[in-house]
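Participant: could you work out the structure for the sequence below:
(2 chains)
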Amino acid sequence: MADDYYPWGGEFTACKKAGCVAVVILNFDYIPSDKVAIYGSLKTENIGIEKIVANVISNPHIRYIVVCGDDIRGHRSGSSLLALNKNGIDENNRIIGAPGAIPYIENLNNEAIERFQKQIEVVDLIGVSDKKRIEKTIDECITKSSPSFGKPYIAIKIKPEVEISLGDKRVIHSKIIVDYLGKINKRGE
Amino acid sequence: MADKEVPLIKAKKIPQKDVILDPNGFFVIEIDRTHKEIRVEYYSNVYKEKRIVSGILEMVFTGKKAESLCDTIVKNVPNLLPTHYMYLGRELQRAEYSLEKNIEYLQGGC
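Facilitator: Model prediction:
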């Protein structure tokens, strides 16, 4: 089951599979302790947020996202993530109340967003880059020992392409072969 | 007199403000440190009020080398603007260097 976690992939680091905390880092260098489930940086208020949502809801053990560091100027990605968790999206797929320039969610459906809202509590440490304070907040989340949310929610799946050889001639009889177009030929022709 | 005259043209960078965004989509390039490979996501444009605000994920390419990624992208995503292909070539070469040297990679603009 854990192999299904984090289906979208990207620039993040996965640590403890059964960890309940994800850490979103804005604009500063910080490596959280390996007690967390996953951590990574957030840059954009559209695709960046979508990736976080898709990846965290795939791991039902994650119940908290700690957002720390200074928000991204113009994008306001951290504040937009908080707004998504609190308000969801409108009929134009815009995050309601998000301060970012283009906070649109286009790759996730409403069910995935509702799952994100129910499964995850976002802890607002925007503006905080004191690593001791962040670690203390992470510890507090862990201490709450919130239960797993149930089954993973796979919002998006990246499916490896199967290579098809056009020269593949499948043998169905010692004297008959079928080519890739389904045309039947006698063997040796 | 020469038999043929060939123009010599000095290179000049197009200013960022004059870059034409590709109507056929855009790419997000990242380094996947876990799998030690370059990850390229291709998105078709999403427009709101005539401006590009996001994209729909259409394909993901992974590989370690810029040249194999370039070949595969050209095969699978035809009809991009020529400047867009050249941008991808430059960026993927940078990404390959960052992966090899294990240094931070931040996707640059056009």
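
Participant: for stretch A:40-55, measure first residue to last.
Facilitator: 11 Å (C-alpha to C-alpha, to the nearest Å).

Participant: so how far is the helix ranked longest in chain A from its chain's centroid?
Facilitator: Counting residues, the longest helix found in chain A (DSSP state H) is helix A:131-143. Relative to its parent chain, helix A:131-143 has a centroid offset of 22 Å by C-alpha atoms, centre = their mean, to the nearest Å.

Participant: what's it packed up against?
Facilitator: On a contact count with 3 or more C-beta pairs under 8 Å, 6 or more residues apart in numbering or on different chains; DSSP states H and E, helix A:131-143 meets strand A:21-26, strand A:64-69, strand A:121-126. To be clear about C-beta, it is placed using only N, CA and C from the backbone, and glycine gets the same treatment.

Participant: my guess is B:E41 contacts B:L69. True?
Facilitator: No: between B:E41 and B:L69 there is no contact under C-beta atoms under 8 Å: 11.9 Å.

Participant: who has more neighbours, these two?
Facilitator: Comparing B:E41 with B:L69 by neighbour count (other C-beta atoms under 10 Å in any protein chain shown), the higher total belongs to B:L69, at 25 against 22.

Participant: distance check, the closest residue to that one other than its chain neighbours against chain A.
Facilitator: Nearest in space to B:L69, with sequence neighbours left out and distances taken as C-beta to C-beta, 6 or more residues apart in numbering or on different chains, is B:G63 at 4.6 Å. Distance, B:G63 to chain A, using C-beta to the nearest C-beta, to the nearest Å: 13 Å.

Participant: quick one, strands of chain B?
Facilitator: B:26-32, B:37-48, B:51-63 (DSSP state E).

Participant: what is the burial count for the residue nearest to B:L69?
Facilitator: B:G63 has 20 neighbours, counted by other C-beta under 10 Å.

Participant: what parts of chain A come near chain B?
Facilitator: A:9-11, A:13-14, A:46-47, A:92, A:94, A:102, A:104-107, A:156, A:158 (C-beta under 8 Å from any C-beta of the partner chain).

Participant: what about the residues you listed, which are in helices?
Facilitator: Among these, DSSP H puts A:I47 in helices.

Participant: quick check: which ranges of the chain have low pLDDT?
Facilitator: All of this is about chain A. Applying pLDDT under 70 to chain A flags the ranges A:1-3, A:163-189.

Participant: that's the wrong chain, I meant chain B
Facilitator: Flagging of chain B using pLDDT under 70 yields the residue ranges B:110.

Participant: contacting residues around the spatially most central residue of it?
Facilitator: Geometric centre of chain B, nearest residue: B:L88, 2.0 Å, by C-alpha atoms, centre = their mean. Going by C-beta atoms under 8 Å, 6 or more residues apart in numbering or on different chains, B:L88 touches B:F27, B:C70, B:I73, B:L80.

Participant: still on that earlier bit, measure the residue nearest to B:L69 to B:V77 for me?
Facilitator: Going from B:G63 to B:V77 by C-beta to C-beta, to the nearest Å gives 14 Å.

Participant: that older thread, which residues are contacting the longest helix of chain A?
Facilitator: Under C-beta under 8 Å, 6+ apart, the answer for helix A:131-143 is A:19-21, A:23, A:30, A:32-33, A:35-36, A:63-64, A:66, A:68, A:123, A:125, A:128.

Participant: please redo it, this time with the cut-off set to 7 Å
Facilitator: Residues outside helix A:131-143 that contact it (C-beta atoms under 7 Å, 6 or more residues apart in numbering or on different chains): A:20-21, A:23, A:30, A:32-33, A:35-36, A:64, A:66, A:68, A:123, A:125, A:128.

Participant: regarding chain B, what is its longest helix?
Facilitator: Taking DSSP H as the criterion, chain B has its longest helix at helix B:82-101.

Participant: got the buried residues for that one?
Facilitator: Under the neighbour-count criterion of 16 or more other C-beta atoms under 10 Å in any protein chain shown, helix B:82-101 has B:H84, B:Y87, B:L88, B:G89, B:E91, B:L92, B:R94, B:A95, B:E96, B:L99 buried.
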